[in-house]
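J.: Here you go, sequence then predicted model.
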There are 2 protein chains.
Amino acid sequence: MTPAPRTLSIDLGDRRYPIHIGAGLLGDRARLEASLPAGPLLVVSNTTVAPRYLPALRTALAGRVLAECVLPDGERHKTLATLASVYDALAAARIARDGAILALGGGVVGDIAGFAAATWQRGIAVAQLPTTLLAQVDSSVGGKTAVNHPAGKNLIGAFHQPSVVVADLDTLATLPDRELRAGLAEVIKYGLVRDASFLDWLERSLERLLARDAAALAEAVERSCRIKAEIVALDERESGPRALLNLGHTFGHAIEAATGFGEWLHGEAVAMGLVLAAATSERLGWLAAADTARVRELVRRAGLPVAAPRIGVTRARELMALDKKVRAGQVRLVLLRRLGEGVVSADYDRGALESVLAAELG
Amino acid sequence: MTPAPRTLSIDLGDRRYPIHIGAGLLGDRARLEASLPAGPLLVVSNTTVAPRYLPALRTALAGRVLAECVLPDGERHKTLATLASVYDALAAARIARDGAILALGGGVVGDIAGFAAATWQRGIAVAQLPTTLLAQVDSSVGGKTAVNHPAGKNLIGAFHQPSVVVADLDTLATLPDRELRAGLAEVIKYGLVRDASFLDWLERSLERLLARDAAALAEAVERSCRIKAEIVALDERESGPRALLNLGHTFGHAIEAATGFGEWLHGEAVAMGLVLAAATSERLGWLAAADTARVRELVRRAGLPVAAPRIGVTRARELMALDKKVRAGQVRLVLLRRLGEGVVSADYDRGALESVLAAELG
């Protein structure tokens, strides 16, 4: 049974915005309108999502000036060139500072549309309307926006909080299995980094989640968003604890870049990164072998990769060195003190990392 | 005689940064280092400025990791494509969040380099080292960064404060006359919008300024920066009084866009915009005919244009409607209540604007 819609809120001191989670929300005019400015709107979506969900949004916003910009689908299009096409659409629709962008899609659409909103006329409003599990639990919340550079993922971006997040759980029904699983990687991340009891729940509930049980999905999205909201409220611009949310991402970004963005889904690369972070934490003596095995098994059960591509230690090291968390040449990693407790560290034994890279990516 | 270096400061509540104004500052290692982070640096400059001033900077920063990115010169290169080349240089130099950009050049270099810094890895430090009068009195101070879109000037940008502004007055000695004059347009703007006594001083000192008298230039830069610092401190993100600093700019941007960016220098278009803003204010009954004549005469004496290109009323209206100050379809204009007192208004008689457009641009 689908639970009633719930609303969380991201509290940033002087600013605050709602995250609505529930079924049928893309048709809920009142909820959408409550957080939108009065000016013209541009929906940014992609060729997969637009045919499915744009009609409902059009109906819900009938009477509003609504232009549309439909991007090609996929991480390989998260580029400056695609961003330029969004700027062109903003100019054509004459969106000024009283207008807004509605980002209707997964993480790629949200990141590009969010960055366009951050930079169009030095910042206009954006409503995030995530339609994938990954976007609902992670990328739509917290204001990180970006496009990729050939040298690395998300190297060009901005912090720009949305004015509202509307996670319509109905959209998860049509999500391809592969994307549902990719989203679960980020859900597992929250358990590993912050909440051992959530991790236990995930181990118990994984089959229900994979079977798209509505109540289980609602619970997973809500608990994930709660953890994210709590950490973002502590540290909006990632000067401290927010970096914890990058567990698995430094490894994952290297895999994505080395294989050409799009071959591995972001969530798949993150899943592999969770395993590598656990393995490194084990070599440091922080996790027991049984803990790492538990992580690997949960990732495997979720249908996510537990074997890395053999990109070579040198290339992996090189790509990890471009990571945004690098300080003074030392790669800061998010590691696990224990299951449910992440730690950001630049002060770890490099040998542990090197031996994991050699064993798993070499 | 060149006066001793002076330091103003921009005070933004929780943040503050210095503006150093004086001769020989590009060779002043201590002053530069004091506001730079420890990581690798990328100097962004252009083909005109780099041969002249980059060697001094290299010497002053000897021992630091310093990469260089030399852009083509001119407003027509203030594009996403040029920005992309700065991102490539940042990636090649492996600049991470502990690095910084040094923007060595005029307004175009400062705007592109500042925007690159605002968005590389979601924000790294930038030191603004302005080498034109226009950049020293206006664009390097206050954190506005942008590139142009074919539909309009500065449509793609961000607010990103520099960590320091170093205005080396020696660089004004080699500035082409045309660019010196273009800078005077922004200096005149400050007098018109905020300080009638500064306007009087400009009328008295114009010949000394055009002859590049060091003391007069130092005074003009310092008084301009003081006014800018005061207004930016009140309203960093231009939700209120900061819009006053756009006096002449809505007209000017339309002229720049209609003639193809680069034909008119930004300062030339702004100068013409000052005249048009005065003329509109006169039609509204706010200025006397003698006031408008005084503005026109000062602009003319500065060697700046007092006749607009005949771009046509329709095109002018269309381009002005794309301006960032538009709210609910009404172009907000900066107008003059009297000389020395600007006002931002969307509630003016449209007929006054239309008749000025017809008379001057039709």
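T.: On my side now, so go ahead.
J.: Which residues of chain A lie near chain B?
T.: Residues of chain A found near chain B (CB under 8 Å from any CB of the partner chain) are A:38-39, A:80, A:84, A:87-88, A:90-92, A:94, A:96-98, A:115, A:118-123, A:144, A:146, A:149-152, A:155-159, A:237-238, A:321-324, A:326-328. Any C-beta I mention is one placed from the backbone N, CA and C, and that applies to glycine too.
J.: Is the residue lying closest to A:G157 once chain neighbours are set aside in a helix, a strand, or coil?
T.: Leaving aside its chain neighbours, A:G157 sits nearest to A:A146 (2.8 Å; criterion: CB to CB, 6 or more residues apart in numbering or on different chains). Three-state call for A:A146 (DSSP: H, G, I helix; E, B strand; the rest coil): strand.
J.: Correct me if wrong: A:A146 contacts A:G152.
T.: No. Under the criterion of CB atoms under 8 Å, A:A146 is not in contact with A:G152, lying 10.4 Å apart.
J.: Looking only at neighbour counts, state which of those two leads.
T.: A:A146 (24 against 21; other CB atoms under 10 Å in any protein chain shown).
J.: and the helix or strand of chain A with the lowest mean pLDDT, what does it pack onto?
T.: Here the helix or strand of chain A ranked lowest by mean pLDDT, DSSP states H and E is helix A:313-321, holding a mean of 90. Packing contacts for helix A:313-321, counted by 3 or more CB pairs under 8 Å, 6 or more residues apart in numbering or on different chains; DSSP states H and E, involve helix A:249-258, helix A:350-360.
J.: and the gap between the residue nearest to A:G157 and A:V137?
T.: 18 Å (CB to CB, to the nearest Å).
J.: again with A:H149
T.: In terms of CB to CB, A:H149 sits 26 Å off from A:V137.
J.: go on, A:G312?
T.: Applying CB to CB to A:G312 and A:V137 gives a distance of 32 Å.
J.: Between those two, which is the more surrounded one?
T.: Neighbour count, other CB under 10 Å: between A:G312 and A:V137, A:V137 has more, with 29 against 14.
J.: Next, count neighbours for the nearest residue to the more buried one once chain neighbours are set aside.
T.: Take A:V137 and drop its neighbours on the chain: the residue closest to it by CB to CB, 6+ apart is A:S224, 3.7 Å away. Using other CB under 10 Å, A:S224 is surrounded by 26 other residues.
J.: Quickly find the element holding A:S224.
T.: Using DSSP states H and E, A:S224 sits within helix A:214-234.
J.: Next one: the nearest residue to A:R76 once chain neighbours are set aside from chain B, what distance?
T.: Nearest residue to A:R76, sequence neighbours excluded (CB to CB, 6+ apart): A:G262, at 3.6 Å. Distance of A:G262 to chain B, given as CB to the nearest CB, to the nearest Å: 19 Å.
J.: mind checking the SS state of A:G262?
T.: Quick answer, by three-state DSSP: A:G262 is coil.
J.: Please identify the deepest-packed of the helices and strands packed on helix A:313-321.
T.: helix A:249-258 (a mean of 26; mean count of other CB atoms under 10 Å in any protein chain shown).
J.: tilt between that helix and helix A:313-321?
T.: 120 degrees (axes from the mean of the first three to the mean of the last three CA atoms, to 10 degrees).
J.: Could you give the average pLDDT over helix A:249-258?
T.: For helix A:249-258, the mean pLDDT works out to 92.
J.: Any idea how far the helix holding A:S224 is from the middle of the chain?
T.: 12 Å (CA atoms, centre = their mean, to the nearest Å).
J.: got it, and stretch A:107-122?
T.: 14 Å.
J.: How is chain A divided into domains?
T.: Chain A breaks down into these domains under automatic domain parsing: A:6-174, A:177-360.
J.: on that earlier part again, what does the helix holding A:S224 rub up against?
T.: A:1-3, A:6, A:8-12, A:19, A:21-23, A:133, A:136-138, A:141-143, A:167, A:169, A:172, A:184, A:186-187, A:190, A:194-195, A:198, A:201-202, A:205, A:208-209, A:240-242, A:244-245 (CB atoms under 8 Å, 6 or more residues apart in numbering or on different chains).
J.: May I have the phi/psi pair for the residue nearest the centre of chain A?
T.: Centroid-nearest residue in chain A: A:S139, 3.0 Å away (criterion: CA atoms, centre = their mean). Backbone geometry at A:S139, expressed as degrees, to the nearest 10, gives phi -70, psi -20.
J.: That one contacts A:V109, doesn't it?
T.: No. Applying CB under 8 Å, one finds A:S139 not in contact with A:V109, separated by 9.5 Å.
J.: re the thing from before, show me what contacts the residue nearest to A:R76?
T.: Per CB under 8 Å, 6+ apart, neighbours of A:G262: A:74-76.
J.: in chain A, what spans have low per-residue confidence?
T.: A:1-2, A:323-329 (pLDDT under 70).
J.: Please report the distance of the residue located most distally from the centre of it from A:E33.
T.: Each residue of chain A has a distance to the centre, and by CA atoms, centre = their mean the biggest one is for A:G63: 32.1 Å. Distance from A:G63 to A:E33, counting by CB to CB: 10 Å.
J.: give the contact list for A:D347.
T.: Contacts of A:D347 by CB under 8 Å, 6+ apart: none found.
J.: which phi and psi does it have?
T.: Dihedral angles (degrees, to the nearest 10) for A:D347: phi -110, psi 60.
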